[in-house]
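**Q** What would the 3D arrangement of this be:
(chains A and B)
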Amino acid sequence: MLSRGRHSVLANEPVGPYRLLRVERGRAEPGIPGQFFMLEAPGRVLPRPMSLCLAPPGELDFLFEPVGRGTRALAALEAGDELAILGPLGNGFRLDVDRPLLVGGGIGMAPLPYLSEKLGGPPAVLGFRTAHHAEAAALLPGSEVAVEPGLVTELLPAGHDVLACGPERMLQAVGALFPGAQLAWEAPMACGYGACYGCAVDLDGTYKRLCVEGPVLEAAACS
Amino acid sequence: MLLNASGCLDALATPEVARAFDAFVTKTVTPLPREGNDPTRIAETDHGLLNSIGLQNPGRERFLAVVLPQLRGLGLPIWVSVGGFSADEYAETCSRLSDVTIELNLSCPNVDEAPEAASEIVAACRAETPLPLYAKLSPALPDIADVARAAQAAGADGLSLVNTIRGLALDDETLRPRLARGAGGYSGPALKPIALAAVYVCYRATGLPIVGMGGVSTGRDALELIAAGASAVAVGTALFTDPGAPHRVRADLYKAAAALGFEDPLAARGIAHAPASQLALSKRTTNKTPAYTAK
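**A** Numbers count the residues shown, from 1 in each chain, chains lettered A, B, ... in the order given. A predicted model of the protein is given here:
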């Protein structure tokens, strides 16, 4: 059952070049880490898909990078503003793993703080373009950080159940090293609930809707 | 009557959204399965949405054997959107359907079109089925009223107006098309005046039942399409923004119609064509006198 409501903005804080948008939780469920929400982007035609970064009591917190018109509109929201939020949507990470290792690249670290909380604070490796971007690692205390030209794939110990989110090339590299990894992908998305067929991704040779099949997928399923 | 626009809702994924409509319109069914176009498939613009999904669908046989029986379980009237790449393909699918309304997708901007004219496809389908047959036309036709008349003469029972119109968006940085296929079908708020114009002229040209669609996101939008001549309204892109759109549009439609003195929204059908004097008369039958007529 889809759940959509209006939520008040509590704060909209800079985290390095990113923003942490904190909204009142209301009646929304935080869902499973890796699931996502569609956030109304004021003045835009379509909402924007965002995974949940943190779920403190009474809040839903989203980490994003203002890079386009929608995310810039979200970055301009101020405390007291309201926005419509639909979700949680899609399939999150499976939490029944023995030796979790979280891997994040850039803004792909967004779902990892909430995931870490649910898994009891497992080890984590984060990669960023610059030291400024790496300031976001503060949201995941204790994580190991690689800054370009360093790569997260150079820091991954063997023998772990990898749960990763990041840019496509990072996910492909992680998937090649850990075929059993759970990878959270992204795609341009109009609706987030299976209606538009816009977020097609190639899975086992056919186009599937990422919002329905994912966004978290087993590495082995991603050709 | 409120419907979803074809290709804008998966009733099996979210049956509760489908049930908010009076009928469910399927994604277009083609004879053979289609993978759809390569991603990127969607791009938002300032006033609308470009898509090039490319008629991704499981094909006629699987649709008839698996999907349609599941859709019947919704308990809603079903409209099947039929596509093809020749008149014969459309006609064969029509011959295999029963107990549905058929909407002929004669206007997908994202695939190569059948070579025949819309009226020839309608005639071929008419020969194969007694089912209600709606022709869905493109707003890009040079003379849509002319095509609507021809579709009527060929046996169409109604019109679906309009499909998306071809558009292009370029990437901010690279100035290359944002969609993998280049151009796509443009929908959303920018399409509304285009849809209104198409409904307006086709109502006048044919008097056929018309499903009006294009940029409907409020009750007022729906009322305007009805005033232009629509007998039903479909919601498309607004569903992507808000799956609660059908409930909201319906409730607001009744309010918007009542505010202008219409007991039922459909009482406003075609009112845009009424002479000004007649309109003023209809206004006076309401208790409120609009400010612009008060002298």
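
**Q** where along chain A do the helices fall?
**A** For chain A, applying DSSP state H gives helices covering A:69-75, A:112-118, A:168-177, A:210-213.

**Q** Return the most buried member of those helices.
**A** Greatest average neighbour count among those goes to helix A:112-118 (a mean of 24), per mean count of other Cβ atoms under 10 Å in any protein chain shown. Quick note: C-beta positions are derived from backbone N, CA and C, even for glycine.

**Q** which helices and strands sit right next to it?
**A** With contacts taken as 3 or more Cβ pairs under 8 Å, 6 or more residues apart in numbering or on different chains; DSSP states H and E, helix A:112-118 sits against strand A:100-105, strand A:124-128, strand A:161-165.

**Q** so the longest one versus strand A:161-165, what angle?
**A** The reference is to strand A:100-105. 20 degrees (axes from the mean of the first three to the mean of the last three Cα atoms, to 10 degrees).

**Q** How much space separates the nearest residue to residue B:139 once chain neighbours are set aside from residue B:214?
**A** Nearest in space to residue B:139, with sequence neighbours left out and distances taken as Cβ to Cβ, 6 or more residues apart in numbering or on different chains, is residue B:162 at 4.0 Å. Note on residue B:162: its distance to residue B:214, by Cβ to Cβ, to the nearest Å, is 5 Å.

**Q** who's more crowded, those two?
**A** More crowded of residue B:162 and residue B:214, by other Cβ atoms under 10 Å in any protein chain shown: residue B:214, with 32 against 29.

**Q** quick one: contacts for residue 26?
**A** By default, I'm working from chain A. With contact set as Cβ atoms under 8 Å, 6 or more residues apart in numbering or on different chains, residue A:26 has these partners: A:5, A:6, A:7.

**Q** Wait, chain B was what I had in mind.
**A** Residue B:26 makes contact with B:6, B:11, B:63, B:67, B:71, B:78, B:79, B:80, B:81, according to Cβ under 8 Å, 6+ apart.

**Q** which bits of chain A sit near chain B?
**A** Residues of chain A lying close to chain B by Cβ under 8 Å from any Cβ of the partner chain are A:1-2, A:4, A:40, A:44-47, A:68-70, A:84, A:86, A:187-191, A:193-201, A:206-207, A:212.

**Q** so residue B:150 sits right up against residue B:120, yeah?
**A** No: in this structure, residue B:150 is not within contact of residue B:120 by Cβ atoms under 8 Å, at 9.0 Å.

**Q** Which residue ranges of chain B form strands?
**A** Secondary structure of chain B (DSSP state E): strands at B:2-4, B:24-25, B:42-44, B:49-51, B:78-82, B:101-105, B:133-137, B:158-161, B:165-167, B:184-187, B:210-213, B:232-235.

**Q** Including mean pLDDT, mean neighbour count and distance to chain A, could those strands go into CSV?
**A** Listed next are the strands of chain B as CSV, based on pLDDT from 0 to 100; neighbours: other Cβ atoms under 10 Å in any protein chain shown; distance: least, Cβ to the nearest Cβ, whole Å:
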stretch, mean pLDDT, mean neighbour count, distance to chain A
strand B:2-4, 98, 25, 9
strand B:24-25, 98, 26, 12
strand B:42-44, 97, 25, 4
strand B:49-51, 98, 28, 6
strand B:78-82, 98, 24, 14
strand B:101-105, 98, 25, 15
strand B:133-137, 97, 26, 18
strand B:158-161, 98, 28, 18
strand B:165-167, 97, 19, 13
strand B:184-187, 98, 26, 9
strand B:210-213, 98, 30, 15
strand B:232-235, 98, 26, 11
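
**Q** Which of the ones you listed sits closest to residue A:106?
**A** Among the strands of chain B, the nearest to residue A:106 by Cβ to Cβ is strand B:42-44 (22.1 Å).

**Q** helices or strands next to the closest one in the packing?
**A** Here strand B:42-44 is seen to pack against strand B:49-51 when contacts are counted using 3+ Cβ pairs under 8 Å, 6+ apart.

**Q** For residue A:36, grab the count of nearby residues.
**A** Around residue A:36 there are 30 residues (other Cβ under 10 Å).

**Q** do the one 4 residues further on as well
**A** Counted with other Cβ under 10 Å, the burial measure for residue A:40 works out to 23 neighbours.

**Q** can you pull the contacts of residue A:175?
**A** Neighbouring residues of residue A:175 by Cβ under 8 Å, 6+ apart: A:181, A:183, A:219, A:220, A:222.

**Q** in the chain, what spans have low per-residue confidence?
**A** Just so you know, I chose chain A. Applying pLDDT under 70 to chain A flags residues A:223.

**Q** My question was about chain B, not that one.
**A** Residues of chain B that meet the cut-off, pLDDT under 70, sit at B:277-295.

**Q** Show me which residues of it are close to chain A?
**A** For chain B, the residues in contact with chain A (Cβ under 8 Å from any Cβ) are B:7-10, B:13-14, B:16-17, B:27, B:35-36, B:39-49, B:51, B:53, B:56, B:172, B:188-189, B:237, B:239-244.

**Q** circling back to that earlier point, now the helices and strands packed on helix A:112-118 as CSV including mean neighbour count and distance to residue A:24?
**A** Output for the helices and strands packed on helix A:112-118, formatted as CSV (neighbours: other Cβ atoms under 10 Å in any protein chain shown; distance: least, Cβ to Cβ, whole Å):
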stretch, mean neighbour count, distance to residue A:24
strand A:100-105, 26, 26
strand A:124-128, 26, 28
strand A:161-165, 26, 25
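
**Q** JSON lines for those, including distance to residue B:232?
**A** Converted to JSON lines, those look like this (distance: least, Cβ to Cβ, whole Å):
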{"stretch": "strand A:100-105", "distance to residue B:232": "48"}
{"stretch": "strand A:124-128", "distance to residue B:232": "53"}
{"stretch": "strand A:161-165", "distance to residue B:232": "44"}
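
**Q** Quick check: which of those strands is nearest to residue B:176?
**A** Nearest of the helices and strands packed on helix A:112-118 (Cβ to Cβ): strand A:100-105, 24.8 Å.

**Q** residues near the residue of the stretch 151-295 of chain B found nearest chain A, how many?
**A** As assessed by Cβ to the nearest Cβ, chain A sits closest to residue B:240 within the stretch 151-295 of chain B, at 3.9 Å. Close neighbours of residue B:240, defined as other Cβ under 10 Å, add up to 28.

**Q** so it touches residue A:49, yeah?
**A** No: in this structure residue B:240 lies outside contact range of residue A:49 using Cβ under 8 Å: 11.4 Å.

**Q** Show me the domain layout of chain A.
**A** According to automatic domain parsing, chain A comprises the domains A:3-89, A:100-222.

**Q** who does the strand ranked longest in chain A touch, helix- and strand-wise?
**A** Determined from DSSP E, the single longest strand within chain A is strand A:4-15. Where contact means 3+ Cβ pairs under 8 Å, 6+ apart, strand A:4-15 is packed against strand A:18-24, strand A:59-64, strand A:82-89.

**Q** hmm, 7 Å instead?
**A** On a contact count with 3 or more Cβ pairs under 7 Å, 6 or more residues apart in numbering or on different chains; DSSP states H and E, strand A:4-15 meets strand A:18-24, strand A:82-89.

**Q** would you turn the ones you listed into JSON lines with mean neighbour count?
**A** Formatted as JSON lines, those follow (neighbours: other Cβ atoms under 10 Å in any protein chain shown):
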{"stretch": "strand A:18-24", "mean neighbour count": "21"}
{"stretch": "strand A:82-89", "mean neighbour count": "21"}
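
**Q** Need those in TSV (columns: distance to residue B:274).
**A** Below are the helices and strands packed on strand A:4-15 laid out as TSV (distance: least, Cβ to Cβ, whole Å):
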stretch	distance to residue B:274
strand A:18-24	48
strand A:82-89	38
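
**Q** Show me which of the contacts of residue A:175 is closest to residue B:196.
**A** Taking Cβ to Cβ as the measure, residue B:196 sits nearest to residue A:222 out of the contacts of residue A:175, at 44.6 Å.

**Q** List only buried entries from the residues of chain A next to chain B.
**A** Among these, those classed as buried by 16 or more other Cβ atoms under 10 Å in any protein chain shown are A:2, A:4, A:40, A:44-47, A:69-70, A:84, A:86, A:187-191, A:193-201, A:207, A:212.
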